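S.K.: Here's a sequence, model it:
(2 chains)
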Amino acid sequence: MCLGIPMKVVKIDREQKLAQAETGGATREISIAMMGDDVKEGDWVMVHTGFALEKLDYKDAQELLSLLNAVAMEDPQWKNRSG
Amino acid sequence: MKKPAKSPGPGEMQSLLRNEKAVKSVAREIVALAGEREARIMHVCGSHEHTAVRFGLRTLLPANIELIAGPGCPVCVCSSADIRDAMEIAKKGAIIATFGDMLRDKTPYGSLEEAKAGGADVRIVYSPLDAIKLAREETKRKVVLFGVGFETTAAPVASMVSEELPDNFSILTSFKLTSPAVETLLKSGKHHLDGIIAPGHVSAVVGVADWARFPQKFKVPAVVAGFEPADLLIAVLKIMQQIAAGEPRIENEYTRLVRFDGNPLAMKAMKNAFEVRPAFWRGMGIIRNSGLFLKQRWDDLDARKRFGVESKVESEKDLPKGCHCDQVVVGELHPTECPLFGKSCTPSSPYGPCMVSGEGTCYVWHRFGDPRQLRRLRGGA
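M.R.: Next up is the predicted model:
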């Protein structure tokens, strides 16, 4: 029940507070009742029991990325993966 | 090494946080920093346990750092009284719509699965939205959403109560707040903790702020963490850094999702829908300020009021005889130390609640546990 699924918002119905969201090729209807008016198509949200709990935002992830990226970049597997 | 040119998407982020080299380098930092220092670090989320076991994270930690699973599984701590309420309501002819994990949770009065086999109309839903849809389709029946969960499930249900809902729809609540259970453990004096890994998705609702009292009042470091292997190890590293510096504080490792004050709309919805009262946690007893119950103004949505049910827990632990879930749920006992584990208690035939749900510690260990990592625990070879 605490399993969160990151999904990409593809279509918003603001009046009904619903959206179509997709992940891994599957699309489903989710509630955006707990999202502010700034949620927009193309955003990634964390979905729990069919409700968007919060927006995913990678702006602040730089610290984490720089920590991990330096190491991961030396990994041939990772190099191949990111092209 | 220069910074990446632009922020990655979720997929790229995930593969980075699962990258073996990156994960192992964090583990090496932990080992170097920890030295001989012993630390008991507790997380309180079934999904964190899932990550820890599935990715074998405990095998990467030194023996002096113990990563413990605390009360982080809502199905495990759901009281038999709440399940009995659901069964009583079903007997009165209503459709019970609930999450799949709830069906096999056993009580002295049977399980919802057994009730279903006996003719009760119990339906599995993925989302509270599905329960509303069901009520709109089954206009001649009463539909009751049996909502069980922590803040991540409570907030969605709270966000619905002010909407226009069908008259034949009501809610049986079994919602709990996460942090009061951890506070109870610390206050009991029986559980020494050196660090708390706060659940990322619960914290997306309640905010980092909800965990601030642990460093402040109890001098225990607390770090909000995401669910990839590197997330969890970085949280351990941050806790060890705080311990080394002697400065317990609150930190947020999961900045890509969690804000300091949480989600204001979710919190507003919860305040509107629920009042906080004591709640019974299976295996733990009554914990004050830990239960979310519909406010009186929502009486017409409250299934307990509509159907006149209010069961009480009838035993101290509320567990079947010989079940050690009370010790497992607070991290006192590893699942493999329970004499029933894997014998008379398995995922296909669970005896105790910790083996029922995908978030239960016993289930996770049985389903995903690697014998090598299990041997390492508790001084094994």
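S.K.: what are the ranges of the strands in chain A?
M.R.: A:5-13, A:18-23, A:26-31, A:44-48, A:51-55 (DSSP state E).
S.K.: Buried ones in the third one, by neighbour count?
M.R.: Same thing as strand A:26-31. A:28-31 (16 or more other CB atoms under 10 Å in any protein chain shown). No exception for glycine: its C-beta is placed from N, CA and C like everyone else's.
S.K.: Which one of the strands of chain A lies nearest to chain B?
M.R.: For the strands of chain A, the distance to chain B is smallest for strand A:51-55, at 3.7 Å, taking CB to the nearest CB.
S.K.: contacting residues for B:I132?
M.R.: By CB atoms under 8 Å, 6 or more residues apart in numbering or on different chains, the contact list for B:I132 reads B:145, B:160, B:165-166, B:169.
S.K.: From the residues you listed, list the ones also adjacent to chain A.
M.R.: Near chain A, judged by CB under 8 Å from any CB of the partner chain, the entries from the contacts of B:I132 are B:M160.
S.K.: Sitting in strands, which of the contacts of B:I132 do you find?
M.R.: B:145, B:169.
S.K.: Looking at neighbours, which among the contacts of B:I132 is most surrounded?
M.R.: Neighbour tally across the contacts of B:I132 (other CB atoms under 10 Å in any protein chain shown): the maximum, 27 neighbours, falls on B:L145.
S.K.: Show the backbone phi and psi for the closest residue to that residue other than its chain neighbours.
M.R.: Excluding the flanking residues, the one nearest B:L145 by CB to CB, 6 or more residues apart in numbering or on different chains is B:A131, at 4.1 Å. Per-residue torsions, B:A131: phi -70, psi -40 (degrees, to the nearest 10).
S.K.: Look up how far B:F99 lies from B:A131.
M.R.: The gap separating B:A131 from B:F99 is 10 Å, by CB to CB, to the nearest Å.
S.K.: right, is the one helix or strand B:H366 maps to up against chain A?
M.R.: Taking DSSP states H and E as the criterion, B:H366 maps to helix B:361-368. No - shown here: helix B:361-368 not in contact with chain A (CB under 8 Å from any CB), separated by at least 12.3 Å.
S.K.: Quick one: list the elements packing against that helix.
M.R.: helix B:46-54, helix B:325-328 (3 or more CB pairs under 8 Å, 6 or more residues apart in numbering or on different chains; DSSP states H and E).
S.K.: Now the helix or strand following the first one - C-alpha only, CSV.
M.R.: Downstream of helix B:46-54, the first helix or strand assigned by DSSP H and E is helix B:57-60. These are the backbone C-alpha positions of helix B:57-60, laid out as CSV (Å, rounded to 0.1, in the frame of the first residue of the first chain):
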residue,chain,number,x,y,z
LEU,B,57,22.2,-4.2,1.4
ARG,B,58,22.9,-5.8,4.8
THR,B,59,25.7,-7.8,3.2
LEU,B,60,27.4,-4.5,2.3
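S.K.: What residues of helix B:57-60 count as buried?
M.R.: In helix B:57-60, the ones that count as buried by 16+ other CB under 10 Å are B:57-58, B:60.
S.K.: Tally up the residues packed near whichever residue of chain A sits closest to chain B, please.
M.R.: For chain A and chain B, the shortest gap (CB to the nearest CB) falls at A:G50, measuring 2.8 Å. Neighbour count of A:G50, defined by other CB under 10 Å: 19.
S.K.: Thought A:R28 was touching it, still the case?
M.R.: Yes - using CB atoms under 8 Å, A:G50 is in contact with A:R28, at 7.4 Å.
S.K.: Run through the stretch 251-381 of chain B and note the low-pLDDT ranges.
M.R.: Within the stretch 251-381 of chain B, the segments meeting pLDDT under 70 span B:371-381.
S.K.: mind redoing it with 90?
M.R.: B:314, B:316, B:369-381 (pLDDT under 90).
S.K.: same deal with the stretch 101-250 of chain B?
M.R.: B:189-190.
S.K.: and it, which residues reach chain A?
M.R.: Counting by CB under 8 Å from any CB, the stretch 101-250 of chain B comes close to chain A at B:101, B:126-130, B:148-150, B:152-153, B:155-156, B:159-160, B:163, B:199-202, B:204-205, B:227, B:230, B:234.
S.K.: need the longest helix for chain A.
M.R.: In chain A, taking DSSP state H as the definition, the longest helix is helix A:62-72.
S.K.: Could you do chain B as well?
M.R.: Secondary structure of chain B per DSSP H: the longest helix is helix B:229-245.
S.K.: Next, the angle helix B:46-54 makes with it.
M.R.: On the basis of axes from the mean of the first three to the mean of the last three CA atoms, to 10 degrees, helix B:229-245 is oriented at 100 degrees to helix B:46-54.
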